[in-house]
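S.K.: Here is my input, please return the structure:
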Amino acid sequence: MGGIIRLDIHNFKAQGFAINNRAPIKNGCYSLLEISNGQWLVGSLEGLFLFDVHTGDLSLHPAIEVTPELGRRIITVLFKDRSGRIWIGTDEGLFRLSSPTGNIQTESEIFTNISSAGFHVNQILQDTSGKIWIATSQGLIEYSGISEPRLYTVQDGLPDNNIRSMLGNDKNLLLCFGKHICLFNLDTRSATVINRPTSNEFVEGAACTGSNGLVYFGGLSGLTCFNPDDLYSNPYSPKPYFSDVDFDIRNHGEIERNNLGACISVRLPSNKGPLIAHWAVVNPLSYGKDNFLYRLDGLDDKWHRTGDHQASFNNLAPGNYTLQLRCMNNDGVYCDGYVPLEIHILPRWWQSGLFRTLLIFLSVIFLGLAALLTAAALRAKMELRVRNAEIRRLEDNLEKTRDLFTGQLRSGYSEEPSVADEFLHRATKVVEANMDNEAFSSEEFARQMYMSRSKLYSRIQETTGGTVSDFIRNIRLDRACKLLMEGRYSVSEISARVGFSSPSYFATSFKKHIGCLPKDYGKSASTTEK
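M.R.: Numbering: from 1, shown residues only. The predicted model follows:
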């Protein structure tokens, strides 16, 4: 906390340089980095400084003018990578200079997918592949400059997120936590704790490698040193085995085991209860720190990682499944291949294919019967409509006849019935002679009857009670009914034979006066005859 002290190793004389003469309490220096012969970067409580060894001049770095925020943070780490970039770790994040006097970048410009704001940076190093590793209070950051940066935390196997210091070689990183030292494998990205918790509380940045290959980690109670080459690596990871399978209806299920007693398959009926597969592994070298990968083929294609020795599955549908299992030892080494457990869930009787086929067959029969009944009901309804139409037509004729005779009685009409019958007979013959003539009109009718139009109208009115048009139409529709009952002609042919201009007009007139369509009248007539 006394600023910079320069020690002459020849005469052991020390010379002090204050960072802030006005406030001696802020003279603390945390990091130094030589950038050229006699020029040093100084990380302090007051930000980043430039120090000239030859002149003793100490000045704020120009980057603080561009980024004043850098001057308000404690500079904890200074590191120069092989590209000449200067990494500046602080108590609240990270900065980077493109060169000792170049442009400065903030953490948001360095990292695109994670934020180091609020991270206390404790150490930075570069491995042989060129990757930058940053030890922070929130985990380990891997930066390559090519792919997205990645943050490793306790979720990735670290014993803690606060990494106090860090050393590295070609294959591993040694990460120092509060009371743990962890080996981080750069190939597998797996972490292994190599010491038991001690009373030596390690401190930030207190780590170095000696010329003899020993590594040193400083703590509140002294130094912890060892040779990384002496660390034991566990390359062996045996295969696990399925020890048992639990389910709610054990008495009705079957478990098949091999000659060593391991479960290899299970058969049980469909059930809503859970199925729990238990497994074990004999690996005394992993100290019980094995992890497992498992996947239930037939249910999903996702691998699940767990430290437990069991997995539970609920509500498995009838079908065939394969539970795949693989073991990983404490050094992140996987066993060769996977261990399978065949699971056969048998359907209940109502879930079987035979029952479903029978159900489909009965459904088809039911639908067929329903269709037949519906068709029969429709035919009966149509026949009833035709009969009702005939009855209404007869009632209309009777009503007209009654009105005719009633009118004759009231008017004193004294014409002999034989004369009236002769007139109607002759008029009917004229209309029947012109049955297929759609242009046959009342004028032509009167001419062929050798009567005036008004006289014809009066005689028709007195005899039938209707108009000339009604008389013509009724004769034509009567003929149409007879032809429909014969069933020899189509509706279009009958329409032309009885003098209608179009089949649609014929159908409209027929339905209006008879009560149903011509095609339905013909169907009903043929059904009635049968």
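
S.K.: which is the next helix or strand following the top strand by length along the chain?
M.R.: Looking across the chain with DSSP state E, the single longest strand is strand 319-328. Per DSSP states H and E, the first helix or strand lying C-terminal to strand 319-328 is strand 339-346.

S.K.: Hmm, Asn227 is touching Gly213, no?
M.R.: Yes: using C-beta atoms under 8 Å, Asn227 makes contact with Gly213 at a distance of 5.7 Å. Bear in mind the C-beta positions are built from the backbone N, C-alpha and C, glycine included.

S.K.: what's the longest strand of the chain packed up against?
M.R.: strand 291-297, strand 339-346 (3 or more C-beta pairs under 8 Å, 6 or more residues apart in numbering; DSSP states H and E).

S.K.: Can you add mean pLDDT and mean neighbour count and give those back as CSV?
M.R.: Shown next, in CSV, are the helices and strands packed on strand 319-328 (pLDDT from 0 to 100; neighbours: other C-beta atoms under 10 Å):
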stretch, mean pLDDT, mean neighbour count
strand 291-297, 89, 18
strand 339-346, 89, 18
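
S.K.: neighbours of Ile472, just the number please.
M.R.: By the criterion of other C-beta atoms under 10 Å, Ile472 has 21 neighbours.

S.K.: residues of the helix or strand containing it that come out buried?
M.R.: Assigned by DSSP H and E, Ile472 falls within helix 468-486. Of the residues in helix 468-486, 468, 471-477, 479-481, 483-484 count as buried by neighbour count, 16 or more other C-beta atoms under 10 Å.

S.K.: and if you look at stretch 56-74?
M.R.: Leu58, His61, Ala63, Ile64, Thr67, Leu70, Gly71, Arg73, Ile74.

S.K.: What about those, which are in strands?
M.R.: Leu58.

S.K.: Let's check: the centremost residue of this protein is which one?
M.R.: Nearest residue to the geometric centre of the chain (C-alpha atoms, centre = their mean): Asp300, 13.7 Å.

S.K.: And this structure, split by domain according to the record?
M.R.: 4-230, 241-351, 355-529 (automatic domain parsing).

S.K.: Let's have the helices and strands packed on strand 319-328 in a markdown table, adding distance to Arg305.
M.R.: Shown next, in a markdown table, are the helices and strands packed on strand 319-328 (distance: least, C-beta to C-beta, whole Å):
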| stretch | distance to Arg305 |
| --- | --- |
| strand 291-297 | 6 |
| strand 339-346 | 16 |
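
S.K.: quick one: which of those is nearest Ala317?
M.R.: Across those, Ala317 has its closest neighbour in strand 339-346 (6.8 Å, C-beta to C-beta).

S.K.: what's in contact with that closest one?
M.R.: 239-242, 245, 263-270, 275, 277, 279, 296, 316-326 (C-beta atoms under 8 Å, 6 or more residues apart in numbering).

S.K.: what about burial for the residues you listed, which qualify?
M.R.: 240-242, 245, 263, 265-266, 268, 270, 275, 277, 279, 296, 316, 321, 323, 325-326.

S.K.: Return the distance of stretch 216-230 from the chain's centre.
M.R.: 52 Å (C-alpha atoms, centre = their mean, to the nearest Å).

S.K.: Mean confidence (pLDDT) on that stretch, please.
M.R.: Stretch 216-230 comes out with an average pLDDT of 80.

S.K.: One more: stretch 91-104?
M.R.: For stretch 91-104, mean pLDDT rounds to 81.

S.K.: how long is that stretch from one end to the other?
M.R.: Its start and end residues considered, stretch 91-104 measures 17 Å (C-alpha to C-alpha, to the nearest Å).

S.K.: How about it, which residues are buried there?
M.R.: Asp91, Glu92, Gly93, Leu94, Phe95, Arg96, Leu97, Pro100, Ile104.

S.K.: So the third one sits against Gln105, correct?
M.R.: Going back to what we said before, that points to Gly93. No: counting by C-beta under 8 Å, Gly93 sits too far from Gln105 to count as a contact (11.5 Å).

S.K.: that older thread, export the buried residues of helix 468-486 as TSV, with columns for pLDDT and distance to Ile35.
M.R.: Converted to TSV, these look like this (pLDDT from 0 to 100; distance: C-beta to C-beta, whole Å):
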residue	pLDDT	distance to Ile35
Val468	89	124
Phe471	89	124
Ile472	89	121
Arg473	88	117
Asn474	88	121
Ile475	89	123
Arg476	88	118
Leu477	89	116
Arg479	88	120
Ala480	88	115
Cys481	88	117
Leu483	88	116
Leu484	86	113
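
S.K.: Relative to Val42, which of those is nearest.
M.R.: Leu484 (115.6 Å).

S.K.: so how far is Ala18 from that closest one?
M.R.: Remark: distance between Leu484 and Ala18 (C-beta to C-beta, to the nearest Å) = 124 Å.

S.K.: Repeat that for Val215.
M.R.: In terms of C-beta to C-beta, Val215 sits 34 Å off from Ala18.

S.K.: Going by neighbour count, which residues in stretch 423-433 are buried?
M.R.: Quick answer for stretch 423-433 (16+ other C-beta under 10 Å): Phe423, Ala427, Val430, Val431.
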